[in-house]
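*Asks:* 3D model of this:
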Amino acid sequence: MTFLVIVIILALIFDFINGFHDAANSIATIVSTKVLSPLTAVIWAAAFNLIAYWIFELKVADTVSKTVKVEYVTLVVVCAGLIGSIIWNLITWWGGIPSSSSHTLIGGFAGAGIANAGGFTAIHWEKVMPVIYFIVLAPLLGMLFSIIINMITINICKRMRPSRVDAVFRRLQLLSSAAYSLGHGGNDAQKVIGIIAAALVSKGMIGDIKELPHWVPIACYSAIALGTMFGGWRIVKTMGQKITKLTPFEGFSAETAGAITLFFTQYFKIPVSTTHTITGAIVGVGVSKRTSAVRWGVTINLLWAWVLTIPVSGLLSALIFFILKAFM
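*Replies:* Coordinates of the predicted model:
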């Protein structure tokens with residue numbers, strides 16, 4: 001029981017780190033356009049991260065909990081997956097690299113499961129493959145929706161004075177940021193809920209995620225909201241300033257596109273990267289102006305982090321699994 005408590009605490013620590021690591025996803029656009037101050041923005045985002053608990057079913061959590069086949073899930077596997085994920089998240093946060101906390105967690109859990117099974121038979125591939133597909137598809141969807149929304153709003157507002165457009169979209173960006181933060185909470189917090197569910201199933205305390213006690217999702221949503229309130233300023237700078245310069249009008253387009261993508265994937269139980277999603281949406285805004293408006297060098301560096309996240313997290317967690325097994 002003591003080890004289970006330790007694993008749950010580690011899961012909530014990861015969720016908290018996920019909050020400040022991915023705070024940039026929720027607030028980068030609204031801070032960079034100066035619609036809200038950084039402090040107000042993180043409080044705004046954190047509130048809607050938490051509200052997501054009452055809006056979304058635990059579809060993403062169910063998918064994550066079944067990443068590794070139940071016969072290969074032990075508390076050591078879950079613990080190793082969490083420790084490896086926390087290490088990679090902290091490394092990328094320190095480097096200001098907006099990697100995916102979602103892919104870090106799934107990669108870590110899978111890597112520890114593979115180490116326990118001695119092979120890839122541990123993985124539920126029908127659960128994992130959509131995650132891999134959406135490494136590419138999530139940013140593309142975000143970019144496509146962003147371009148469409150940007151072009152529509154440009155045509156609607158083309159006869160309005162620039163000052164009037166700026167004033168209107170400063171208010172609308174509050175709504176788009178709130179919607180994106182809801183999607184962020186409904187996607188990212190649920191991944192940790194799924195990990196805790198897997199731990200409880202491995203101990204025989206519940207049979208399925210439907211039997212999950214209410215304190216688990218409340219604790220997870222609260223942890224990610226609290227983490228978001230601490231912010232992730234290194235990553236905010238990369239997301240909000242280095243990819244392309246944003247106006248409130250463009251920030252609204254990017255956030256709305258990101259929110260639509262997250263709501264869509266959540267409905268279909270697909271865990272996706274909120275980082276990838278909003279990055280694609282921001283790139284879409286830049287491309288809709290002109291391709292030279294996007295700093296492609298920065299974007300390509302981000303792509304490398306995305307490609308490496310799952311395998312590096314998996315290898316870290318596999319190594320930690322073997323270390324834990326040697327001492328337990």
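*Asks:* Can you tell me what sits against the helix or strand where Leu39 lies?
*Replies:* Counting by DSSP states H and E, the secondary-structure element that holds Leu39 is helix 38-51. For helix 38-51, the surrounding residues in contact (Cβ atoms under 8 Å, 6 or more residues apart in numbering) are 19, 23, 26-27, 30-31, 36, 174, 177-179, 181-182, 184-185, 189, 221-222, 224-226, 228-231, 233, 236. The way it works is simple: take the backbone N, C-alpha and C, and place the C-beta from them, glycine included.
*Asks:* What is the neighbour count of Phe109?
*Replies:* Residue crowding around Phe109 was assessed by other Cβ atoms under 10 Å; the count is 31.
*Asks:* go on, Asn155?
*Replies:* Burial of Asn155, expressed as a neighbour count using other Cβ under 10 Å, amounts to 9.
*Asks:* go on, Ser176?
*Replies:* When counting by other Cβ under 10 Å, one arrives at 24 neighbours for Ser176.
*Asks:* nearest spatial neighbour of it, skipping sequence neighbours?
*Replies:* With Cβ to Cβ, 6 or more residues apart in numbering as the criterion, Ser176 has its nearest non-adjacent residue at 3.7 Å, and that residue is Glu255.
*Asks:* Please report the distance of the one you found from Gln266.
*Replies:* If you measure Glu255 against Gln266 using Cβ to Cβ, to the nearest Å, the figure is 16 Å.
*Asks:* The two: who's more crowded?
*Replies:* When Glu255 and Gln266 are compared for neighbours, Glu255 comes out ahead with 34 against 22, by other Cβ under 10 Å.
*Asks:* And whichever strand or helix holds that one, what's buried?
*Replies:* Secondary structure assigned from DSSP H and E places Glu255 in helix 248-267. Buried residues in helix 248-267, counted by 16 or more other Cβ atoms under 10 Å: 248-263, 265-266.
*Asks:* hang on, the earlier thing: next, the contact list for the residue nearest to Ser176, please.
*Replies:* Contacts for Glu255 were tallied using Cβ under 8 Å, 6+ apart; they are 29-30, 173, 176-177, 179-180, 278, 281.
*Asks:* try it again with 10 Å
*Replies:* 25-30, 146, 149, 172-181, 183, 246, 278, 281-282, 285 (Cβ atoms under 10 Å, 6 or more residues apart in numbering).
*Asks:* Show me how to select, in PyMOL, the buried members of the residues you listed.
*Replies:* Command for PyMOL that selects the buried part of those, burial taken from 16+ other Cβ under 10 Å:
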select buried, resi 25+26+27+28+29+30+146+149+172+173+174+176+177+178+179+180+181+183+246+278+281+282+285
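*Asks:* So which of the contacts of Glu255 are in helices?
*Replies:* Residues of these located in helices (DSSP state H): 25-30, 146, 149, 172-181, 183, 278, 281-282, 285.
*Asks:* Run the chain-centre distance for whatever helix or strand Val287 lives in.
*Replies:* Following DSSP H and E, the helix or strand that holds Val287 is helix 274-289. For helix 274-289, the distance between its averaged C-alpha position and the chain's averaged C-alpha position is 15 Å (Cα atoms, centre = their mean, to the nearest Å).
*Asks:* I'd like to know which elements the helix or strand that it is followed by is packed against.
*Replies:* Next along the chain after helix 274-289, taking DSSP H and E as the criterion, comes helix 296-327. Taking 3 or more Cβ pairs under 10 Å, 6 or more residues apart in numbering; DSSP states H and E as contact, the helices and strands that helix 296-327 lies on are helix 75-94, helix 101-117, helix 125-157, helix 274-289.
*Asks:* closest to Ala197 out of these?
*Replies:* Smallest distance to Ala197 across the helices and strands packed on helix 296-327 (Cβ to Cβ): 10.2 Å, for helix 75-94.
*Asks:* Output that closest one as PDB, restricted to C-alpha atoms.
*Replies:* Once side chains and other backbone atoms are set aside, the C-alpha atoms of helix 75-94 remain, and they are given as PDB (Å, rounded to 0.1, in the frame of the first residue of the first chain):
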ATOM      1  CA  LEU A  75       3.500  -0.700  -9.700                       C
ATOM      2  CA  VAL A  76       7.200  -0.900 -10.600                       C
ATOM      3  CA  VAL A  77       6.200  -0.400 -14.300                       C
ATOM      4  CA  VAL A  78       4.000   2.600 -13.500                       C
ATOM      5  CA  CYS A  79       6.600   4.000 -11.100                       C
ATOM      6  CA  ALA A  80       9.500   3.700 -13.700                       C
ATOM      7  CA  GLY A  81       7.300   5.200 -16.400                       C
ATOM      8  CA  LEU A  82       6.500   8.200 -14.200                       C
ATOM      9  CA  ILE A  83      10.100   8.800 -13.100                       C
ATOM     10  CA  GLY A  84      11.400   8.600 -16.700                       C
ATOM     11  CA  SER A  85       8.700  11.000 -17.900                       C
ATOM     12  CA  ILE A  86       9.400  13.500 -15.100                       C
ATOM     13  CA  ILE A  87      13.100  13.500 -15.900                       C
ATOM     14  CA  TRP A  88      12.500  14.200 -19.600                       C
ATOM     15  CA  ASN A  89       9.900  16.800 -18.900                       C
ATOM     16  CA  LEU A  90      12.300  18.700 -16.600                       C
ATOM     17  CA  ILE A  91      15.100  18.500 -19.100                       C
ATOM     18  CA  THR A  92      13.000  19.900 -21.900                       C
ATOM     19  CA  TRP A  93      11.500  22.500 -19.700                       C
ATOM     20  CA  TRP A  94      14.900  23.700 -18.600                       C
END
